[in-house]
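Trainee: sequence and predicted structure below; questions after.
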Amino acid sequence: MNLETATRMLSFHVRHQRDLARWRELGINRATIIGVGGCEACLALINKTFSLDKLPELPYKDCTCGLGCRCTSRPVLPY
């Protein structure tokens, strides 16, 4: 993995952790994985909804995309 890819993935991880903390503060308890994943591991996650406690760590550890995992998540807002 080159430096640019590692830096991008670290940035995604920090954003993921920040988002989770903010969503918990707001009472949000579910999220959906979104992304541009090209590998099978990422494609298997896209559009799946998880409780925040079960949401996979992002960037996803099983990703094999050449540019690194670019999956992210969005909150599922309560109605």
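Mentor: Thanks, I have it.
Trainee: quick one: low-confidence parts of this protein?
Mentor: The model of the chain has pLDDT under 70 over residues 37.
Trainee: mind listing the strands for it?
Mentor: Secondary structure of the chain (DSSP state E): strands at 30-34, 49-51, 72-75.
Trainee: what about Lys54, neighbour count?
Mentor: Lys54 is flanked by 9 other residues according to other Cβ atoms under 10 Å. All C-beta atoms are positioned from the backbone trio N, CA, C, and that covers glycine.
Trainee: check Arg15 too.
Mentor: The burial count assigned to Arg15 is 13, neighbours taken as other Cβ under 10 Å.
Trainee: got the contact list for the nearest residue to it once chain neighbours are set aside?
Mentor: Nearest in space to Arg15, with sequence neighbours left out and distances taken as Cβ to Cβ, 6 or more residues apart in numbering, is Thr72 at 7.4 Å. When the contact criterion is Cβ atoms under 8 Å, 6 or more residues apart in numbering, the partners of Thr72 are Phe12, Arg15, His16, Ile33, Ile34, Gly35, Leu58.
Trainee: what sits against Asp62?
Mentor: Contacts of Asp62 were listed using Cβ under 8 Å, 6+ apart, and they are Ala41.
Trainee: now the one 5 residues further on
Mentor: The contact partners of Leu67, taken as Cβ under 8 Å, 6+ apart, are Thr5, Arg8.
Trainee: and the residue nearest to Arg15, how far from Glu40?
Mentor: Distance of Thr72 to Glu40, given as Cβ to Cβ, to the nearest Å: 18 Å.
Trainee: on that earlier part again, closest to Arg8 out of the strands of the chain?
Mentor: Distances from Arg8 to each of those were compared using Cβ to Cβ; the minimum, 11.8 Å, belongs to strand 72-75.
Trainee: can I get the closest one in CSV, CA atoms only?
Mentor: Provided in CSV are the C-alpha atoms of strand 72-75 (Å, rounded to 0.1, in the frame of the first residue of the first chain):
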residue,chain,number,x,y,z
THR,A,72,-18.4,4.9,4.3
SER,A,73,-21.7,4.9,6.2
ARG,A,74,-24.7,7.1,6.7
PRO,A,75,-27.1,7.2,9.6
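Trainee: work out the gap between that strand and the centre of the chain.
Mentor: With Cα atoms, centre = their mean, to the nearest Å as the basis, the distance from the averaged C-alpha position of strand 72-75 to the chain average is 6 Å.
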